[in-house]
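Engineer: fold the following for me, if possible:
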Amino acid sequence: MRPAPAGGSVSVEARVLLRELFDAAIASAQPALCIPRHLPEAPRGRTLVIGAGKASAAMARALEDHWPGPLSGLVVTRYGYEVACNRIEIASAAHPVPDEAGLAAATRMLEMVRGLQADDLVICLISGGGSALLPVPLPGLTLAHKQAVNRALLQSGATIGEMNCVRRHLSAIKGGRLAAACHPARVVTLMISDVPGDFPADIASGPTVGDPTTCADALAILQRYRIDVPAEVRAVLESGRGESIKPGDPRLAASELRMIATPQMALEAAAAVAQRAGVAAHVLGDSIEGEARDVGKVLAAIAQQVKRHGQPFAAPCVLLSGGETTVTVTGQGRGGRNVEFLLSLGIALNGMAGVHALAGDTDGVDGAEEIAGAYLGPDSLERAWALGRKPREALSSNDAHSFFGALGDSVVTGPTLTNVNDFRAILVL
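Structural biologist: Predicted structure coming up:
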């Protein structure tokens, strides 16, 4: 990064570079780039395309554009993430709390795959968000039960892995059940990972992969976070009726997984942009979890060590990380895990000169709003105080979107048509 003549210019240049890194991470996970090189050979029989997630419609379009023969199918994506296709039907539904549209689309998907033959091929397009978009409950449960559990999990502070463990054991389509329904057809799942560690069973709750977790694990998670669920939900778990399809099940023998984009790939793409700009890039991890505000404090301490002591890296440099933090909601504000992290980071840095940051969700939605994240500069707290905004009060009330919005520092991308989880970049000059 070339030095600028004035402090204000440095801030502008830092903001521009950070946004370029974020955009590069998103661009690296675009389905049009990732899909073509992972397509399977055409089968002797039918080709059916199914799937779910925030990237699934864009994945379907990329598949259509490069598939040599006939195909048909149905994928479901989040409202606003639709991409027009000619042969694959695109349905849309609510996220993160499921709705009737998602239930109807997922039910139709299960009906479409029944009766397939061994010569048929099912290409399943899975990306983050698919869990809420495939809300078919097990017998004895209703959509209302699924909605209630989803809301409670989202506010509990549970990790994405813990949330999806519970969801898998209440579902008629997740936890390998969709692949089992396709048997004996060959199933090739193309996945874009949005979870720490790229654990396939946690991406959209793993509709086409075996699940090693159990109903007992799901019950333990509910107990751990003191989540009160309807009696019908507890009965499904306690009776074992919610047990998922396990690895090694013969119905999964013809099922194959191809991971086509991951958080690590996105971080490496961002690092390459930083290095071309003359800034050393260091990836701290692609699977960082924990309370967003706690992660903010830890990464602030690392940035301070870099700035003050040149350890473990010398400035100028950018510290990159991904993963999925959590927020235990106690306030009534407008927020998301990325902006909560960023506000906590800013409070811990306390205006340290030369440290800038951007945090955002690569799907373009941090929390429940169409805001991807925000930018933080050395003057952010000072500008907030001048507007009468109190940073610690905003953090306490989970109101980071309001905080950064008042500063004009929200990052809005619109639908990105992909999802490789959280992106965090801390630039130390």
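Engineer: which parts of the lowest-mean-pLDDT helix or strand in the chain are buried?
Structural biologist: In the chain, no helix or strand scores lower on mean pLDDT, DSSP states H and E than helix 7-28, which sits at a mean of 90. Of the residues in helix 7-28, 10-11, 13-15, 17-22, 24-26, 28 count as buried by neighbour count, 16 or more other CB atoms under 10 Å. Any C-beta I mention is one placed from the backbone N, CA and C, and that applies to glycine too.
Engineer: wait, doesn't Ala148 sit right on Val229?
Structural biologist: Yes - shown here, Ala148 and Val229 form a contact pair, counting by CB atoms under 8 Å, at 7.2 Å.
Engineer: beta partners of Ser410?
Structural biologist: Ala374 (DSSP bridges).
Engineer: what residues are up against it?
Structural biologist: 371, 373-374, 401, 404 (CB atoms under 8 Å, 6 or more residues apart in numbering).
Engineer: care to break this structure down by domain?
Structural biologist: As assigned by automatic domain parsing, the chain contains the domains 7-28+264-428, 35-261.
Engineer: the least confident helix or strand of the chain packs against which elements?
Structural biologist: Packing contacts for helix 7-28, counted by 3 or more CB pairs under 8 Å, 6 or more residues apart in numbering; DSSP states H and E, involve helix 263-276, strand 317-323, strand 355-361, strand 373-376, strand 422-428.
Engineer: out of the ones you listed, which gets nearest to Thr213?
Structural biologist: strand 317-323 (19.9 Å; CB to CB).
Engineer: that closest one: what's the following helix or strand?
Structural biologist: helix 337-349 (DSSP states H and E).
Engineer: just for the chain, where's the confidence low?
Structural biologist: For the chain, residues meeting the criterion pLDDT under 70 lie at 1-8.
Engineer: which helices and strands sit right next to the host helix or strand of Val149?
Structural biologist: Using DSSP H and E, Val149 sits in helix 143-156. Counting contacts by 3+ CB pairs under 8 Å, 6+ apart, helix 143-156 packs against helix 160-168, helix 231-239.
Engineer: now do that helix: distance to the chain's middle.
Structural biologist: Centroid displacement of helix 143-156 relative to its chain, using CA atoms, centre = their mean, to the nearest Å, is 18 Å.
Engineer: same thing with stretch 317-329?
Structural biologist: Relative to its chain's centre, stretch 317-329 lies at 12 Å (CA atoms, centre = their mean).
Engineer: CA atoms only for it, dumped as PDB, please.
Structural biologist: Extracted in PDB, the C-alpha atoms of stretch 317-329 (Å, rounded to 0.1, in the frame of the first residue of the first chain):
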ATOM      1  CA  CYS A 317       0.200  -6.000   7.100                       C
ATOM      2  CA  VAL A 318      -3.400  -7.300   7.000                       C
ATOM      3  CA  LEU A 319      -4.700  -9.900   9.400                       C
ATOM      4  CA  LEU A 320      -7.300 -12.100   7.700                       C
ATOM      5  CA  SER A 321      -9.700 -14.500   9.300                       C
ATOM      6  CA  GLY A 322     -12.900 -16.400   8.700                       C
ATOM      7  CA  GLY A 323     -15.300 -18.700  10.400                       C
ATOM      8  CA  GLU A 324     -18.600 -18.100  12.100                       C
ATOM      9  CA  THR A 325     -18.900 -16.300  15.500                       C
ATOM     10  CA  THR A 326     -22.000 -16.300  17.600                       C
ATOM     11  CA  VAL A 327     -24.100 -13.700  19.400                       C
ATOM     12  CA  THR A 328     -26.000 -14.400  22.500                       C
ATOM     13  CA  VAL A 329     -28.800 -11.900  22.100                       C
END
